[in-house]
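1. Next input, structure requested:
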Amino acid sequence: MLFAIDVGNTNTVLGLFDDQRLVQQWRIETKKERTADELGVLLKELFAHSKIDLKAIEGIIISNVVPPMQHALESMARRYLHQEPMNVGPKTKIKIKNRYHHPSEVGADRIVNAAAAYHKYPRALIVVDFGTATTFDYISPKGEYLGGAIAPGIMISNEALFTHASKLPRVEIAKPAKVIGRRTIESIQSGIFYGYVSMVDGLVEKIKKEVKTKPKVIATGGLAGLIAKDSKTIESVAPHLTLEGLRLIWDWNQ
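-> Okay, here's the model as predicted:
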């Protein structure tokens with residue numbers, strides 16, 4: 001089995017593949033302070049609860065955008081799984097061309113998403129990832145990663161509103177019944193939800209106009225399904241895109 005680890009700034013997603021099939025997935029909070037032993041104990045508990053033997057793991061691949069965690073992740077893999085992990089980086093074979101001016105600046109998750117999306121749909125693409133940041137990435141018809149846009153994520157915006165506006169409460173991210181809220185909670189939900197839907201559609205349309213192609217628009221990330229329901233531009237939701245990309249990259253590099 002292949003163990004895929006996608007470390008984001010807010011959450012870390014763990015996936016277990018049996019050949020090409022994703023058989024188990026876990027989502028845990030990303031904590032930079034965790035040691036290799038803490039990660040190992042947590043991993044043991046997750047596997048035990050799912051009745052999976054750690055010895056079944058034959059390979060490990062890591063996509064990490066939180067550099068302080070790298071040493072702990074690698075140490076955990078060696079100590080508890082007895083494997084040398086593969087880390088996605090600028091020199092990793094990904095089957096798409098990274099045309100960013102400084103390729104090393106691109107987050108590993110963005111490259112993984114782009115590779116997975118182009119493998120599934122070999123055409124012009126826009127990948128919208130609703131993570132800690134909301135990212136928009138454009139892949140050309142020739143399979144070239146050309147860059148994109150980065151905006152504050154939905155949860156970050158919601159938390160900032162609560163933190164910096166004394167009288168505003170923290171609210172659940174949800175679609176309100178109407179755009180014009182009649183209560184404070186409804187008003188905040190309207191601004192967050194409809195504001196992000198409009199931002200997504202607006203940026204996608206601007207990217208399309210700039211590249212002069214007709215890219216397919218794919219969304220991924222925790223809140224992709226919620227936003228996609230009202231978006232006029234998102235055509236497909238791929239909730240496991242990053243994990244699928246990690247599996248593909250592992251295969252390409254064997």
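
2. and the next element down the chain from the one helix or strand in the chain whose mean pLDDT sits lowest?
-> Lowest by mean pLDDT, DSSP states H and E among the helices and strands of the chain is helix 154-164, with a mean of 88. Remark: after helix 154-164, the chain's next helix or strand is helix 184-211, criterion DSSP states H and E.

3. Can you tell me what sits against the following helix or strand past that next one?
-> For helix 184-211, the following helix or strand on the C-terminal side (DSSP H and E) is strand 216-221. With C-beta atoms under 8 Å, 6 or more residues apart in numbering as the contact definition, strand 216-221 has outside contacts at 113, 117, 121, 123-131, 134, 204, 225, 227-228, 231, 233-242. Any C-beta I mention is one placed from the backbone N, CA and C, and that applies to glycine too.

4. Among the residues you listed, name the buried ones.
-> Among the contacts of strand 216-221, those buried by neighbour count (16 or more other C-beta atoms under 10 Å) are 113, 117, 121, 123-131, 134, 204, 227-228, 231, 233-234, 237-238, 240-242.

5. quick one: the closest residue to residue 158 other than its chain neighbours from residue 151, how far?
-> The shortest distance from residue 158 to any non-neighbouring residue, by C-beta to C-beta, 6 or more residues apart in numbering, is to residue 192 (5.6 Å). Residue 192 sits 13 Å away from residue 151, taking C-beta to C-beta, to the nearest Å as the criterion.

6. try residue 185
-> Counting by C-beta to C-beta, the gap from residue 185 to residue 151 is 24 Å.

7. Can you give me the domain assignment for the chain?
-> Using automatic domain parsing, the domain ranges for the chain come out as 2-87, 97-246.

8. Which members of the buried ones among the contacts of strand 216-221 are positioned in strands?
-> Among those, the members falling in strands (DSSP state E) are 125, 126, 127, 128, 129, 130, 134, 237.

9. Output those as a markdown table; include the columns pLDDT and distance to residue 218.
-> As requested, those are exported to a markdown table (pLDDT from 0 to 100; distance: C-beta to C-beta, whole Å):
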| residue | pLDDT | distance to residue 218 |
| --- | --- | --- |
| 125 | 98 | 6 |
| 126 | 98 | 7 |
| 127 | 98 | 5 |
| 128 | 98 | 7 |
| 129 | 97 | 9 |
| 130 | 94 | 12 |
| 134 | 95 | 14 |
| 237 | 97 | 8 |
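
10. hmm, back to that, out of the domains of the chain, deepest packed?
-> Sort the domains of the chain by mean neighbour count, taking mean count of other C-beta atoms under 10 Å, and domain 97-246 sits at the top with a mean of 18.

11. what's next to stretch 138-156, contact-wise?
-> 10, 95-100, 106, 110-111, 114, 117-118, 122-127, 130-137, 160, 173, 192, 196, 199, 203, 207, 211, 213, 215, 223, 227.

12. residue contacts, the residue nearest to residue 139 when sequence neighbours are not counted?
-> Sequence neighbours aside, residue 125 is the residue nearest to residue 139 in space, at 4.4 Å (criterion: C-beta to C-beta, 6+ apart). Contact analysis of residue 125 by C-beta under 8 Å, 6+ apart lists 114, 117, 118, 138, 139, 215, 216, 217, 218.

13. picking that back up, need the ones in strands among the buried ones among the contacts of strand 216-221 in a markdown table with distance to residue 1, can you?
-> Converted to a markdown table, those look like this (distance: C-beta to C-beta, whole Å):
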| residue | distance to residue 1 |
| --- | --- |
| 125 | 29 |
| 126 | 32 |
| 127 | 27 |
| 128 | 30 |
| 129 | 26 |
| 130 | 28 |
| 134 | 32 |
| 237 | 26 |
